[in-house]
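Asker: sequence isn't available, so here's the structure alone:
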C-alpha cells in the first residue's frame, strides 16, 4: 500500500560548506580517502541546489554497511550532492549525536539504519521539525506497535529466511540427516531487531515444513547482537551444551553471526561434518575465495545486494525531496548461492 509522504522542508538561509568527495566522508570531518574540496555553497533542501545527504548506519564498520554506504554515496553524487557517512558504533548516544549534527548542518536528507528501534519516534519527530526527510534502510523506523513511520528499504526478510530453510532442508534430505540423532539445527537469532525476526521465522517454518520428521528437540536457537564475536560466543555455548550433536546445520539472522558459528565449529572440531548457510554472502564469498569449497563449513548463503539497498534508499529519498509519492516498503529479494554458483550470480560482488 502506498502512503503519500509529504516532504515538509523548511526554506532557510543557512550557509553550508559543501565538500565534493571521491570517497565516503565521516561525520567528524575526516575522509576515508583523499578528497577534493569544492567551494562553499549556500544550499537548501527545498531549492534543488546542491547539498549534503547523511548516511547514518548503526554498525558502520561492518562490511554490509560499508558497501551499502558506498552505493548510497554513488547515488547521491550522481544527483549532484555530497555524502557524509557516519558510523554510530551501535551506540544510541552516538546515533542521536549524528542526527543532531545532520540537522545542525541543514542536511538535504538522511538515509539511516537505527541501532535501537525504540528511538524511532523521537528521531522522526526531530527530522520532521527540522524539515529534513529521512528514509530507513535495513531496520525500520517504527512505532511501538511495529508500524513503519518512515519509508523503508531493505531485504524481503521472511522470504529470504524461507529460501535458507528450503536449502538446508534439501541438504539434510540428500545427506540422510533428517532422522539422524546426531544431527542438530541451530538458528542464530536477533530477537530485538524487527528486520531480523522474520528471517529466523522463515528459516524455521520452511525447514520444519520440508522435514516434518526432523526431531524438534534437536532444533536450537542462539540469540546474539549481529556481530561475529557475539555470534561465535552464542553458537559455541550451544555446541558445548549439546555434545550429543556431532553434525550441525546452522543458519542465522545475518552473515556475521553465521561466520561466528563457522569459527565456533572449527574451534570445537565439528566443522568437517557441519553445514552453515549464510545470509548476505558478502562474507561467505571470502570463505570460498580464500579457502575453497572444501576448506570451510560455509556451504551456501542467501545473496542479496547491499548496493540495491544503498541505492534504493537514496532513490526513495530523492523522490520524497521532489514531493513524489513513495512506497512505505521497498523490499529486495535474494538468491541462494554456493561455491559453484556465487561468481556467476554475484558478478563483481564475488571478488
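Answerer: Alright, I've got the coordinates. Just so we're clear, the structure is a prediction, and the values are computed from it rather than from any experiment.
Asker: the helices in the protein, which residues?
Answerer: 63-78, 92-104, 120-130, 157-174, 197-210, 228-241, 255-268, 284-291, 306-321, 342-346 (DSSP state H).
Asker: can you put those helices in a markdown table and add mean neighbour count and distance to residue 219?
Answerer: In this view, the C-beta of every residue, glycine as well, is placed from N, C-alpha and C. Converted to a markdown table, the helices of the chain look like this (neighbours: other C-beta atoms under 10 Å; distance: least, C-beta to C-beta, whole Å):
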| stretch | mean neighbour count | distance to residue 219 |
| --- | --- | --- |
| helix 63-78 | 21 | 27 |
| helix 92-104 | 18 | 33 |
| helix 120-130 | 17 | 32 |
| helix 157-174 | 21 | 11 |
| helix 197-210 | 21 | 7 |
| helix 228-241 | 19 | 11 |
| helix 255-268 | 24 | 15 |
| helix 284-291 | 19 | 23 |
| helix 306-321 | 23 | 30 |
| helix 342-346 | 16 | 27 |
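Asker: among those, which is nearest residue 111?
Answerer: helix 306-321 (4.3 Å; C-beta to C-beta).
Asker: okay, now the unreliable bits of this structure?
Answerer: 1-48 (pLDDT under 70).
Asker: can you pull the domain assignment for it?
Answerer: The record's domain parsing of the chain by automatic domain parsing lists 2-150+306-330, 157-304.
Asker: what's the first-to-last distance across the last one?
Answerer: Distance between the boundary residues of domain 157-304 (C-alpha to C-alpha, to the nearest Å) amounts to 11 Å.
Asker: tell me how far it lies from the chain's centre.
Answerer: How far domain 157-304 lies from its chain's middle: 18 Å, per C-alpha atoms, centre = their mean, to the nearest Å.
Asker: before we move on, what about stretch 332-350?
Answerer: With C-alpha atoms, centre = their mean, you get 17 Å for stretch 332-350.
Asker: which residues touch that stretch?
Answerer: Residues from elsewhere that reach stretch 332-350, judged by C-beta atoms under 8 Å, 6 or more residues apart in numbering: 153-156, 159-160, 163-164, 167, 277, 281-282, 284-285, 288-289, 292-293, 299-305, 307-309, 312.
Asker: surely residue 171 and residue 249 touch.
Answerer: Yes - the pair residue 171 / residue 249 is scored as a contact, 7.2 Å apart, by C-beta atoms under 8 Å.
Asker: shouldn't residue 127 be in contact with residue 133?
Answerer: Yes - between residue 127 and residue 133 there is a contact at 7.2 Å, judged by C-beta under 8 Å.
Asker: what do those two both touch?
Answerer: residue 110.
Asker: tabulate the domains of the chain (a markdown table), appending distance to residue 336.
Answerer: Formatted as a markdown table, the domains of the chain follow (distance: least, C-beta to C-beta, whole Å):
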| stretch | distance to residue 336 |
| --- | --- |
| domain 2-150+306-330 | 17 |
| domain 157-304 | 5 |
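Asker: quick one, what contacts the closest residue to residue 229 other than its chain neighbours?
Answerer: Of all residues not flanking residue 229 in the chain, residue 260 sits nearest, at 6.7 Å (C-beta to C-beta, 6 or more residues apart in numbering). Neighbour list for residue 260: 188, 224, 227-235 [criterion: C-beta under 8 Å, 6+ apart].
Asker: quick one: those as TSV, columns for distance to residue 143 too.
Answerer: Below are those laid out as TSV (distance: C-beta to C-beta, whole Å):
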residue	distance to residue 143
188	27
224	26
227	27
228	31
229	32
230	28
231	29
232	34
233	32
234	29
235	33
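Asker: what separation do you get for the residue nearest to the spatial centre of the chain and residue 176?
Answerer: Centroid-nearest residue in the chain, with C-alpha atoms, centre = their mean: residue 138, separated by 5.0 Å. Per C-beta to C-beta, to the nearest Å, residue 138 is found 38 Å from residue 176.
Asker: separation between the residue nearest to the centre of the chain and residue 213?
Answerer: For residue 138 relative to residue 213 (C-beta to C-beta), the value is 36 Å.
Asker: next: residue 302.
Answerer: Distance, residue 302 to residue 213, by C-beta to C-beta: 25 Å.
Asker: more neighbours, these two?
Answerer: The neighbour count for residue 302 versus residue 213, taken as other C-beta atoms under 10 Å, is higher for residue 302 (28 against 7).
Asker: excluding its backbone neighbours, what's nearest the more buried one?
Answerer: residue 334 (4.3 Å).
Asker: identify the contacts common to residue 171 and residue 249.
Answerer: 177, 275.
Asker: distance-wise, check residue 255 relative to residue 341.
Answerer: 17 Å.
Asker: can you list the buried residues in stretch 322-329?
Answerer: 326, 328-329 (16 or more other C-beta atoms under 10 Å).
Asker: can you list phi and psi of residue 339 for me?
Answerer: Dihedral pair for residue 339: phi -60, psi -20, per degrees, to the nearest 10.
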